[in-house]
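S.K.: I'll drop the sequence and a predicted model, then ask my questions.
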Amino acid sequence: MVLLLAGTGYNAALLKHLTGKSGQVTTCDIDPDVTAYTRRMLDANGCEDVRVVTRDGALGASRFSPYDRMIATVGMWDLPGAWWDQLAVGGRLVVPLRWRGLSRAVAFQREEKVMRSDSVKMCGFLPVIGQDGERNDYIDDDRLVRLYWDEDQSIALDLLHDVLTRPKSLAWTDETVGRVESFDGVWLRLSATERTTCRITAKPAAVEADIHRPASPALSPALVEADSIAYLTLERTTEGPEAEPQFRLGAVGYGAAGADLAERICAQIRAWSPARTAEPVVTAYPADTPDSDLADGAVIDRPSVRLVIAYGP
């Protein structure tokens with residue numbers, strides 16, 4: 001039995017095809033216009049037996065539980081308690097999970113007391129309505145540079161107001177990437193080791209004016225502590241129009257602790273480089289789980305769960 005959270009019917013039809021005649025698929029969405037459209041499309045394509053429920057996806061659909069599979073097609077900041085109650089032990093949950101400014105499609109296997117990932121892949125989904133634990137704001141008067149962080153992080157914007165106008169500290173590694181090679185795993189590494197990991201975005205005007213270019217101006221990892229910040233950067237190391245582009249990775253820091261934060265980013269670049277496709281294990285525990293029962297790793301608390309992000313030895 002499969003529960004699909006959100007969507008317009010396409011994924012539900014695919015899942016019904018996979019489960020076959022004996023399989024049961026339920027899809028739900030909070031918007032009645034969406035579910036009405038879903039119902040019409042499923043009926044028109046021979047999927048009359050897929051259940052369509054108008055309901056807040058965070059509540060699931062307990063009437064038809066337990067489920068062997070649950071899939072969310074909207075970005076989630078938390079894992080609602082109702083999902084724990086409705087997912088069978090041994091069942092599987094696939095969810096676009098958001099933490100520390102990044103988003104990953106995490107495939108969890110439900111165990112007796114925890115949910116443990118066996119796949120963590122890059123993805124992008126619109127965030128679900130109603131989970132507002134993410135924060136964002138500008139750190140400059142021109143509103144060109146913005147930070148994104150979680151509510152459990154202590155970030156005081158008033159301390160960062162003029163941080164990008166202060167002297168900068170550059171730190172470089174010997175690690176390089178090609179033009180189309182992903183370095184997003186550095187962000188994952190930071191989220192598993194540095195509680196202050198967040199996201200920085202810089203509009204082109206900011207880069208043209210005075211700040212050192214983030215590695216990806218639209219979304220790069222950053223570390224923030226008090227009145228200091230550092231973020232991932234890169235520079236081209238090859239010359240000439242015929243040369244295959246290579247880019248060296250490093251970090252730039254601002255503020256009293258900027259140099260230290262930049263070096264800490266570089267340490268995770270070096271840790272990432274030998275195994276660039278390695279994935280962390282994300283373990284979800286109920287929110288009332290004591291610290292003594294948690295696995296080793298970075299702990300991220302949400303209203304319904306405690307997440308532990310960890311890499312193996």
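M.R.: Now that the structure is in, tell me what you want to look at. Bear in mind that the values here come from a model prediction, so they are computed numbers and not experimental data.
S.K.: pretty sure residue 256 is in a helix, no?
M.R.: No: Residue 256 is assigned coil when assessed by DSSP: H, G, I helix; E, B strand; the rest coil, not a helix.
S.K.: Tell me how many other residues crowd it.
M.R.: Neighbours of residue 256 under the rule other Cβ atoms under 10 Å: 13. Backbone N, C-alpha and C define where each C-beta goes, glycine included.
S.K.: cool, the one 10 residues further on as well?
M.R.: Burial measure for residue 266: 21 neighbouring residues, criterion other Cβ under 10 Å.
S.K.: do residue 290 as well
M.R.: 8.
S.K.: what does residue 309 give?
M.R.: Using other Cβ under 10 Å: residue 309 sits among 23 other residues.
S.K.: tell me the SS of it?
M.R.: strand.
S.K.: could you pull out the strands for the stretch 201-313 of the chain?
M.R.: Counting by DSSP state E, counting those that start in this stretch, the stretch 201-313 of the chain has strands at residues 220-225, 228-236, 246-254, 281-286, 298-301, 305-310.
S.K.: how about those strands, which one is nearest residue 54?
M.R.: Evaluated with Cβ to Cβ, the strands of the stretch 201-313 of the chain place strand 305-310 nearest to residue 54, the distance being 25.9 Å.
S.K.: Using CSV, write down the CA coordinates of that closest one.
M.R.: The C-alpha trace of strand 305-310 is given here as CSV (Å, rounded to 0.1, in the frame of the first residue of the first chain):
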residue,chain,number,x,y,z
VAL,A,305,12.1,14.6,14.9
ARG,A,306,15.7,14.7,15.8
LEU,A,307,17.9,14.3,12.7
VAL,A,308,21.5,13.0,13.0
ILE,A,309,23.7,13.6,9.9
ALA,A,310,26.8,11.5,9.9
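S.K.: any idea how far it is from the chain center?
M.R.: 13 Å (Cα atoms, centre = their mean, to the nearest Å).
S.K.: Please name the residues that touch the nearest residue to residue 79 once chain neighbours are set aside.
M.R.: Here the nearest residue to residue 79 in space, its sequence neighbours aside, is residue 305; by Cβ to Cβ, 6 or more residues apart in numbering that works out to 4.7 Å. By Cβ atoms under 8 Å, 6 or more residues apart in numbering, the contact set of residue 305 is 78, 79, 284, 285, 286, 287.
S.K.: Okay then, goodbye and thanks.
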